[in-house]
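**Q** structure for this input, please:
(chains A and B)
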Amino acid sequence: MNPRPLSVRVNGQALRVESVPDSERLLDTIRWRLGLRGTKEGCRTGGCGACTVLVDGRCTLSCLTLARDVEGSEVVTIEGAADDPVGRTVQAAFRDAGALQCGYCTPGFVMALTGLLKERGGSTSVGQLLDDLGGNLCRCTGYVAIVRAVEIARGRMP
Amino acid sequence: MTATIRPDLEEKLRGSVVYGTDLEAAGMLWGTLVLAPVAHGRIVSVDLSAARSRPGVVAIGAADVRSLVGGATGDPERPPFPPETVVYRSQPLAAVAAPTLEEARDAARAVHIVVDPAPVISDIESVFPEWPGSDAGESPGIAAHVRGRRGDVDRALATAATVVRETYRTSGVQQVPLEPHACLADVSPGRWQVRTTTQSPFGVREDIASILGVPEASVVVDGTWVGGGFGGKGSSLLEPYALLLARAAGRPVRLALSFREEFLLARSTLPSVIRFETGVTDGRIVGRRVRLLLDVGASLPGRDFATGYSIGFLLGPYATPTFEVEGYAVRTHKPPFGPHRAPFAPQCAFAVESHLDEVARAVGLDPVAFRAAHLWSTGDSTPFGQMVGAFGLPAALEAAQRRARAWRAALPPGHGVGIGLGFWSTGTGAGGEARLQLRPRELVIVQGEREIGSGSVVVGLAAVAARRTGLPRDRLRVEYRPTSRAPFDSGVYGSRTTAALGRAVDEALTGLFAELSRRLDGAAPVRLVVADDELHVEAGGSRRPVRDVLTDGERAGEGLAAEGRHYGRGGAIDETLVEKGTFYAYHDFTGAAHVAQVEVDRATGAIRVVRYAAFHDVGTVLDRPTATAQIEGGVVMGLGTALTEESIWSNDGRLTNPGLLDYRIPTLAEVPPIEVEFVEGFEGAGPFGAKGLGEPPIIPVPATIAAAVREACGAHLTELPLSPERVARALKLV
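**A** Residues are numbered from 1 along each chain as shown, chains lettered A, B, ... in the order given. Presented below is the predicted three-dimensional model:
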């Protein structure tokens, strides 16, 4: 339980984070130790998806993940989304669809859709993507423009 | 549809905008609130000593406030911490700050609270199982009592050919912004500064000054980007506590609610009971009696805003020659009632639309035709005697009826189509002011409102300026300033921002053009154009760079300034019809007709919304994509109110579902295709004839879904939300 260092790659950079308690959530490590506050804190109980990041390429709720469990892994947050071609495709799709209002859920949606598309590439359907994004909540848009963004992003995948 | 390139879009896509929850300062402490463990009782003791004995911990309670504000006296009706009596569970009794959030929470748990419990009022119907007697209005359990009437309603009902009596019940619903309340306070001698996520920096400043008893001039409120407001961030909630903690600690203090606390502390819509008696003769409404019991939680007597406003909506936008409306705001041991997007209007529309549907069926008429026959048109008089301004709801209803006919032409078994109407009025608030700065390359709109997401600030105000000047949007920038350096505005609420603050922008532009004309020796009309990447001013056949008409000081500084103000007022009602309390006039008349197709599962009672169409009169549409997006979002929020959202309190005043798994807001899985159309040509009081549109789209949704469910399966539902259980009971499946 004693705080000890954590080695992790974040947005392409190898980091050694000092004094991370074993009980710390990845969300808090990202936001408060690394200062990457683009990852949003919502419900902290896995119910809203606002804190979604990629861990070794897979969609991960950082609020339900212990930082210790990503030791040696590659974490990508919204700040690193544009370094990835799929992340850029997703951001452009959200831009072209106008798929945000207050923007608080946006980093989670962008990372979740990026992860799903990276995992499945062109083999997935829009319907399947929408089903799998059901854990990301938005209170502003009514999801209408987000559905459009998913359609655009899927259409641009090879 | 092409999306508007919102000026906040790129930053939000990168995750680089700062919300309240992102605030941090060097050396700050983390705060947390200590909440009342029971809903009602006498406070015996709040012992902070164990918390204070922990290293680095600051703890404050009711006894500390006076000295922290230098002996000042705040509003005695709303002290930060109650000195004697707890009136709702989760009422803050103390506040704690520590170097980490974990330490703060541990210290909060060490605060020892003894409350002598008293009986809890949780359910308004337990207070008034029958309609309140005539003396109830003066009792301490009533926060407000309003009554209005026209003509002899007893006689009208006694002589009507048919009278339909019904009771409706609606649930408490919450705003549920994804960003909980959060702020960061920093106090220095004579200065109370707070950065906070708010819909109204000036409103929060006024609240802080009033609650703490300090001069407004000593308070600075600096708004952050807002991660959703929906009415819940319109007045202060955490700021006074954060400021007091910062004063006590001598360091900045961050105070944020957890999502669970957000549910527990939300000031939102509370339950109601609505009773109707409607008399009909020869297909016309001849008399109506409407009674409302509205739960207002721990609202203070005289501070209830909802009852007198809501009660007008319970008559609906319908001709009513003779009526009596009476409402009681009933106090319970819950957090005070607060504004939630079109406060209580969706519930009113659900009740009145569903009831008139029942009335029409009782006399053998088509429900929609019956409503259409009574619907106000431009130039009519409301039941309270106000003239109806330009009103597009009849046209919206016609469009909705056409769409409903098309959907019914190919309707699968088990499906139904319903139409619901709603009306609203653009809010004015106390008013607003705008400052413009014409610079060589851009026109800057300086104001003190933060964008809450709807686009009403960063898109709406720019759209007004674009339309007036002809300049492209990328030459118009909305610049935010904290209250100490911004022109006053009352807040981003009441669908008022673009419509009311936009008028101030428009007036400032008139002043700016007059000044430009003066500088060009009276040449007119003046136009602004872009050439060679610079703004130019055109008048009298010549064109000069803006740079050349600015003074040296303006060029080097913030440009040529112009100011505008707009303090709008509503119309007038016939006050002789008001017997008790306050009734409100409307500022303008906006409305929407919605159509839904639903499928009802006859085994489970589950409702699936198959498709949806919304026809809106929003006056002049200033930015079509942003207006459309507002309506899409409002409809889906309304689907939550209609189908799943319900705050559930136990008898001892405990909110039993303070989380997203038990309080269900709509997800991607439930959202149907939504069509949005505007009914244009009905100008409102806003710039270029715009009306407010943030709130209207939520209003007709529960009524629309209820009508569609009735057509699909025959279930007549009189209680929100329309849960599978209620449908199943109505169908006698259980």
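
**Q** can you name the residue of chain A nearest chain B?
**A** A:Gly38 (2.3 Å; CB to the nearest CB). Heads up, the C-betas are built off the backbone N, CA and C, glycines and all.

**Q** count the neighbours of that residue for me.
**A** Neighbourhood size, A:Gly38 [other CB atoms under 10 Å in any protein chain shown]: 24.

**Q** assign it to helix, strand or coil.
**A** coil (DSSP: H, G, I helix; E, B strand; the rest coil).

**Q** same check on the one 4 residues further on?
**A** Look at A:Gly42: counting by three-state DSSP, its state is coil.

**Q** quickly list the domain ranges of chain A.
**A** In terms of domains, chain A is parsed into A:4-80, A:81-155 (source: automatic domain parsing).

**Q** quick check: end-to-end length of the longest one?
**A** Across its full length, domain A:4-80 reaches 26 Å end to end, with CA to CA, to the nearest Å as the criterion.

**Q** right, and the helix or strand after the lowest-mean-pLDDT helix or strand in chain B?
**A** Lowest by mean pLDDT, DSSP states H and E among the helices and strands of chain B is helix B:306-313, with a mean of 84. Toward the C-terminal end, the helix or strand that comes next after helix B:306-313 (DSSP states H and E) is strand B:323-331.

**Q** need the domains of chain A in TSV with mean pLDDT, can you?
**A** Converted to TSV, those look like this (pLDDT from 0 to 100):
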stretch	mean pLDDT
domain A:4-80	97
domain A:81-155	96
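
**Q** most packed of the ones you listed?
**A** Per residue and on average, the most neighbours among these fall to domain A:81-155, with a mean of 22 (mean count of other CB atoms under 10 Å in any protein chain shown).

**Q** measure that one end to end?
**A** Domain A:81-155: ends 19 Å apart by CA to CA.

**Q** what about it, near chain B?
**A** Yes. Domain A:81-155 reaches chain B (CB under 8 Å from any CB of the partner chain) through A:81-82, A:91, A:94-107, A:110, A:130-131, A:133-147.

**Q** can you report how many residues lie near the residue of the stretch 451-600 of chain B found nearest chain A?
**A** The minimum distance from the stretch 451-600 of chain B to chain A, using CB to the nearest CB, falls at B:Gly453 (2.9 Å). Residues within reach of B:Gly453, counting by other CB under 10 Å, total 33.

**Q** contact partners for the closest residue to it other than its chain neighbours?
**A** Excluding the flanking residues, the one nearest B:Gly453 by CB to CB, 6 or more residues apart in numbering or on different chains is A:Cys102, at 2.9 Å. Contact partners of A:Cys102, counting by CB atoms under 8 Å, 6 or more residues apart in numbering or on different chains, are A:Arg139, A:Cys140, B:Pro177, B:Leu178, B:Glu179, B:Trp225, B:Val226, B:Gly227, B:Gly228, B:Gly229, B:Ile452, B:Gly453.

**Q** give me the secondary structure label for the nearest residue to the third one once chain neighbours are set aside.
**A** Yep, that's B:Pro177 we're talking about. Nearest non-adjacent residue to B:Pro177, counting by CB to CB, 6+ apart: B:Gly228, 3.1 Å away. The three-state label given to B:Gly228 by three-state DSSP is coil.

**Q** my guess is B:Gly228 meets B:Pro180, correct?
**A** No. With contact defined as CB atoms under 8 Å, B:Gly228 does not count as touching B:Pro180 (9.7 Å).

**Q** circling back to that earlier point, give me the pLDDT for the residue of the stretch 451-600 of chain B closest to chain A.
**A** On the pLDDT scale, B:Gly453 is placed at 96.

**Q** which residues touch it?
**A** A:Gln101, A:Cys102, A:Gly103, A:Tyr104, A:Cys140, B:Val226, B:Gly227, B:Gly228, B:Gly229.

**Q** apply 7 Å and report the result again.
**A** A:Gln101, A:Cys102, A:Gly103, A:Cys140, B:Val226, B:Gly228 (CB atoms under 7 Å, 6 or more residues apart in numbering or on different chains).

**Q** surely the residue nearest to B:Gly453 is within a strand?
**A** No. Under three-state DSSP, A:Cys102 falls outside any strand and is assigned coil.

**Q** roughly how far does it sit from B:Gly638?
**A** A:Cys102 sits 18 Å away from B:Gly638, going by CB to CB, to the nearest Å.

**Q** same check on B:Met28?
**A** 39 Å.

**Q** so between the two, which is more surrounded?
**A** B:Gly638 (32 against 19).

**Q** ok, for the more buried one, nearest residue in space, not its chain neighbours?
**A** B:Val701 (2.6 Å).

**Q** isn't the one you found up against B:Pro346?
**A** Yes. Counting by CB atoms under 7 Å, B:Val701 does reach B:Pro346; the two are 6.3 Å apart.
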